[in-house]
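Student: Here is my input; please provide its structure:
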Amino acid sequence: MAKLLVAIVHGDDAGRLVEALRAAELRFTEVPSRGGFLRARNVMIFMGVEDDQLADAMRLIEDNCQSRTMSVPVETMGAMETSWLPTEVTHGGATVFVLPMEKMRRI
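Tutor: Numbers count the residues shown, from 1 in each chain. Below is the predicted model of the structure:
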């Protein structure tokens, strides 16, 4: 059964991942996006893969995406009490959703 991979990739990692996917001859579509809380630049990668390609696709994502720590300016939260908020957050890398597909067709 084919799978649909939806990977939300940090903008700093996207170029490296896209090149690796092209080198591996995996088909994908990339769509620019922006995160909500940190407003970070992201890229959403959509990939239809067969079961035997799944491990390779996941390895490429893991090898080319990394998490990072960022300081968050809590004073930008308006009038809300912010003393309880963390001043550093870990983000980036990739969040990957793997969804089963009954059928995949390329037309």
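Student: in this structure, what secondary structure element scores lowest on mean pLDDT?
Tutor: Every helix and strand in the chain was compared by mean pLDDT, DSSP states H and E; the lowest is strand 88-92, with a mean of 67.
Student: what's the next secondary structure element after that one?
Tutor: Reading on from strand 88-92 to the C-terminus, the next helix or strand found by DSSP states H and E is strand 94-101.
Student: helices or strands next to that next one in the packing?
Tutor: strand 2-10, helix 51-64 (3 or more Cβ pairs under 8 Å, 6 or more residues apart in numbering; DSSP states H and E). C-betas here are computed from N, CA, C, even on glycine.
Student: One more pass at 10 Å, please.
Tutor: strand 2-10, helix 11-23, strand 41-49, helix 51-64 (3 or more Cβ pairs under 10 Å, 6 or more residues apart in numbering; DSSP states H and E).
Student: okay, now residue 34: neighbour count?
Tutor: Residues lying near residue 34 (other Cβ atoms under 10 Å) number 10.
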